[in-house]
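[1] From the sequence below, what's the structure:
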Amino acid sequence: MIFPTLFLITISLKPFYYTNHNYIYEIVVSDSIIYGATNGGVVALNYLRGSFRVLTNTDGLTANRQNCIALDSAGNIWAGSHNGLVQIDPGFKQVRVYPTECLPCIRINTIYCLRDTILVGTQNGLLVIDTRKTPQNFQDDKILKIYDFQGLSSNNILTIEVDTSFWLGTDDKITRFGNDFQNVTVYGMEQGLLKNYIRKIKKVDSVIYVGTDAGLNRFRGSYFDTLLLGYKITEIAGSGDSLILGLDSLRQVGVFFNGNLTFENNGLPFLVTINDLEIYKGRWFCATGNTYRSDYFGEGIGVFDLNSHQWELKRANCLASNHVCSITANPWGVFVAHGTRTSESRGMSWLRDNGLWENYSQDSVLPTKFVHRCVTAPDNKIWFAFHYTDSLLAGFFDPIKNEWHYLRQRSGGIDSTIAIWDMKFDRQNNLYLTLAGPSDKLWVYDSTLKNAFLLGERTPGFEVELAIDSSWRVYSTVFDAAGGVLMIDTKGTLFDRSDDLNLKYGKADGLLSQFCSGITVDEYNRVYIANEIGVSILQERHFEHITGFNNGQIYDVLADGAGRVWIMASNGVYAYDVNYQVLKRFTFEELGVNIEFLPLSNEIIQVQGFFYDPIRSCIWLGGETGLLKLEIIQPDTLVPDSILLYPNPVIKGSIMRIKNLPKYATVDIYSVTGRKIAQDLSPNPLGEVLWRIPGEIASGLYFALVKTNDNKKVCKFAIVK
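    Take a look at the predicted model:
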């Protein structure tokens, strides 16, 4: 069968990452530009103009989270992550990945550039790269790898400094190599260090200083004396006769002068961590993080005004948090929820079509930062669900009126709850809610939002996601050893419980697995259920299956309304042609995408985002590494043999679909006698024309003329009663 094969060959996905890049681990300054290794890529901030640029995983970085950064003598930027080492050209455009086979370990902790030599500290040894004055040519590099059996006190290297020797701070003491890497000396607490875990080694005016969790040391020729005791020292920089110190998250920045320590944290957010300090041409710069355990978001780059003794924060306009748990899109933009069910929740983000972000949380219009779900209603309002609130269930934003409204729990109505697991709308704008906590029930609000109706008690197990078909049958998945799919057939009387039919489908009924997560319904009321090992298709109580996911765990599934089902798995995204039952894979490895998902088994669909966007012709995907856009690419040239008409024959009054059309094609419909019935039908963003057959059309043979500027194709189809 040639049509589906050609269709699957022609479609491709183009990835692009949106990230929060305000959590910054390390910075380096050159002229007016601050380069930063962040949790959302590598940034370049022009601190005079306040403009940010960012490179992410889809620009060539091996991962979004970059741990460290350095500049070589030629202006190249070197950055390291837990997924390898990269070099970025001085123009901040081209990313080149250093050969993995040359690294002692792909988990990079620190980088130090010394003229034409690059020193790379990893979690399993030291790499010394002699670039031979050709830093952009990796082929002629001379490399040296050094491990603990060659003198390192520990293979886990955390910080590097160079004077006449090479100083390597590790998680177990300091190793000092001579300039030929032959003579080795190890320093620990027995030589005066306050701790053997070394946070920072820094040379200031030819003096070596060491920061640990217990204080500040200074090297005195053969031992270390103590300058400051009882402070956690994370960073050291020199400014005149003073040392500028990164401290704990309470004190943040300290100035050490003549044995006295004063604090300079005016303008810094309370308790925010300072990950790096740099002094450049009299200016102080700091890299900030946050106070939480996860690095989803930060506070940007601080610039210190020496006259006012005030820090000014430079933040990028970007995604609020790299944790994405729910996504929806509509003509007004893309909306993203950042609820982690912990204090790290960050409300929701709105990506406008002009590329600018607006972020909403408790510090703006929202009553809470715990936003767990977002969905677009049939009336185009954007709904968002809360958790951990006493009286609020959900809210919506009306983009036409620019108004926010909230849905409160009603006395005698919905029980108190700690979270909404999922929310969905049917075509009549009725709102369905599955509740967690004391309630554990399924409710529906009518379209007026004035009346709440109980649909049913929740059965044991973890209910994950809802789906509603056009006949008001309500489905919910259960991720549990005794789970499956629950179905409430309301018999078309949504607000009358007396005639309801309740069923539960499990593995014995034909499901691939009891562990069910995502679920969706297409326009023909076929139900697609994401199991951990595949997708089950339910139609009229009969199951079929989609398999062949190369051992990827299946998380979610959605229908695009054009004969395709999209499946989200741990190893990639898959497209399934419903009519020809053909599966096309797009693995993350093949796409060059590094993505992380929160490793929670029963909540897997609660903490990831997956959404098909017909307006922008793309798939949106969320996890722990930001918002990933997978643009669906159709070829612009007409491939005559790939054009597909289905169903063929087609029934009067139903819809004829013409698939695999170029973006700028048009379609005319003719009868067998040559009479033109329809003219200049344009494809949607998926490259399809949907033509509803008029009821007065007679049965018989018809033709579709597909036209582009340089080609034409005639396709035959039949219409029957």
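[2] Return the set of buried residues in stretch 534-553.
    Applying a neighbour-count criterion of 16 or more other Cβ atoms under 10 Å, one finds 534-538, 543, 546, 549, 552-553 buried in stretch 534-553. No exception for glycine: its C-beta is placed from N, CA and C like everyone else's.
[3] ok, these vs R220, which is closest?
    Using Cβ to Cβ, Q553 comes nearest to R220 of these, at 56.4 Å.
[4] Please name the nearest non-neighbouring residue to the closest one.
    S570 (4.3 Å; Cβ to Cβ, 6 or more residues apart in numbering).
[5] Contacts only, for the residue nearest the centre of the chain.
    Centroid-nearest residue in the chain, with Cα atoms, centre = their mean: G626, separated by 2.4 Å. By Cβ atoms under 8 Å, 6 or more residues apart in numbering, G626 lies in contact with 17-20, 40, 56, 64, 319, 322, 324.
[6] okay, the residue nearest to Q553: pLDDT?
    For S570, the pLDDT comes out at 92.
[7] Check the offset of stretch 570-584 from the chain's centre.
    Distance, stretch centre to chain centre, for stretch 570-584: 22 Å (Cα atoms, centre = their mean, to the nearest Å).
[8] contacts for that stretch?
    Outside stretch 570-584, the residues that reach it (Cβ under 8 Å, 6+ apart) are 1, 3-5, 7-8, 11, 13, 522, 526, 535, 546, 548-553, 555, 563-567, 585-591, 597, 619, 621, 630, 646-647.
[9] Filter these down to just the ones in strands.
    13, 535, 546, 555, 564-567, 585-587, 619, 621, 630, 646 (DSSP state E).
[10] Determine which two of these are furthest apart.
    Y555 and Y646 (28.9 Å).
[11] Just the closest of the buried residues of stretch 534-553 to V474, please.
    Of all these, V474 sits closest to L538, with 13.4 Å by Cβ to Cβ.
[12] Helices along the stretch 551-700 of the chain, start to end?
    Assigned by DSSP state H, counting those that start in this stretch, the stretch 551-700 of the chain shows helices spanning 588-591.
[13] what residue ranges in it score low on pLDDT?
    599-606, 635-641 (pLDDT under 70).
[14] all strands of it, in order?
    554-559, 564-569, 572-577, 582-587, 609-613, 618-622, 627-633, 644-646, 650-651, 655-659, 666-671, 676-681, 689-692, 700-707 (DSSP state E, counting those that start in this stretch).
[15] Next up, the contacts around the nearest residue to E264 once chain neighbours are set aside.
    The spatially closest residue to E264, leaving aside those adjacent along the chain, is V253, at 4.9 Å (Cβ to Cβ, 6+ apart). Contact partners of V253, counting by Cβ under 8 Å, 6+ apart, are 244-247, 263-265, 268, 274, 277, 286, 311.
[16] same question, G563
    Shown in contact with G563 (Cβ under 8 Å, 6+ apart): 577-579, 646, 657, 659, 688.
[17] what bits of the stretch 301-450 of the chain have low per-residue confidence?
    388-391, 410-418, 437-440.
[18] which residues in it form strands?
    301-305, 310-314, 326-330, 333-337, 348-351, 357-360, 371-376, 382-386, 392-398, 403-408, 420-425, 431-435, 441-445.
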